[in-house]
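Student: I would like to see how this sequence folds:
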Amino acid sequence: MTHNIADIRNDYIKHVLNIESTSDNPIQQFKEWFDEALKAEVTEVNAMILSTVNKENRPSARVMLLKGIEEGQFIFYTNYQSDKGNQMEENPFVALTFFWPQLERQVRIEGKINKVSPEVSTSYFKSRPKDSQIGALASPQSTPIANRKILEERVTNLTNKYKNKPIERPAQWGGYAVTANQVEFWQGRANRLHDRVQYTLDENSKWTKVRLAP
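Tutor: You can find the predicted model right below:
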């Protein structure tokens, strides 16, 4: 390594986060920050880390893409038979993390997950590019394969098969919706004295917010 990892550091000075100026609803606050990230041309602005826990209480995390916010829920799509799909079947509580370095911001979301309706999954599947549809059919996600050639041959065969006809959504592929019960907005500040505002959903389905120490 050419650098000492411990010496890598940046000071955050671009923005501040005052609890008084935040929305009373974290979903609205998220949308406002997301729009600002879009305007700032953040790379892969909808990229998020999805964290799950399996039945042995071992955590896993991977980068996913947010595909919508509907009725206050965060929507994404994947293979139901993948490792994450199996883990969410075993334990429906997940966490999402967004990091937008150009704005020195992070959002952490915790909540419960449910599958979206088959109709919603099918509608989104039909909107995808055909190559992406074929990819969903071709890949037995998270299962061992001997080599990449197997995937490439499947893609070729499926491309020929569906050259002149539509592709039906595979039953093992579809959407998930995360209903948040806790959301934290983090704004990087100088000298590591970061701003943190946390929203928590109470037993009466009301959001309360507090400032957290960095």
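Student: residue farthest from the centroid of the protein?
Tutor: N164 (33.4 Å; Cα atoms, centre = their mean).
Student: I'd like the distance between that residue and K130.
Tutor: 11 Å (Cβ to Cβ, to the nearest Å). (Each C-beta comes from the backbone N, C-alpha and C, glycine too.)
Student: before we move on, what about T159?
Tutor: Distance, T159 to K130, by Cβ to Cβ: 8 Å.
Student: How about the secondary structure of P144?
Tutor: Classification of P144 using DSSP: H, G, I helix; E, B strand; the rest coil returns coil.
Student: Now for it, how many residues are close by?
Tutor: By other Cβ atoms under 10 Å, 5 other residues sit near P144.
Student: which element is I75 on?
Tutor: strand 73-79 (DSSP states H and E).
Student: Could you do D35 as well?
Tutor: helix 26-39.
Student: what does that helix contact?
Tutor: For helix 26-39, the external contacting residues (Cβ atoms under 8 Å, 6 or more residues apart in numbering) are 22-23, 45, 69, 72, 100, 102-103, 105, 107, 109, 180, 183, 185, 199, 207, 209.
Student: Now list the buried members of those residues.
Tutor: For the contacts of helix 26-39, a burial check counting by 16 or more other Cβ atoms under 10 Å picks out 22-23, 45, 100, 103, 105, 107, 109, 180, 183, 185, 199, 207, 209.
Student: pLDDT at the most centrally placed residue in the chain, what is it?
Tutor: In the chain, the centroid-proximal residue (Cα atoms, centre = their mean) is M48; its distance is 3.7 Å. pLDDT, M48: 98.
Student: Show me the helices in the protein, by range?
Tutor: With DSSP state H, the ranges of helices along the chain come out as 26-39, 83-90, 118-127, 130-138, 148-161.
Student: Tell me which of those lies nearest to K14.
Tutor: K14 lies closest to helix 26-39 among the helices of the chain, at 11.1 Å (Cβ to Cβ).
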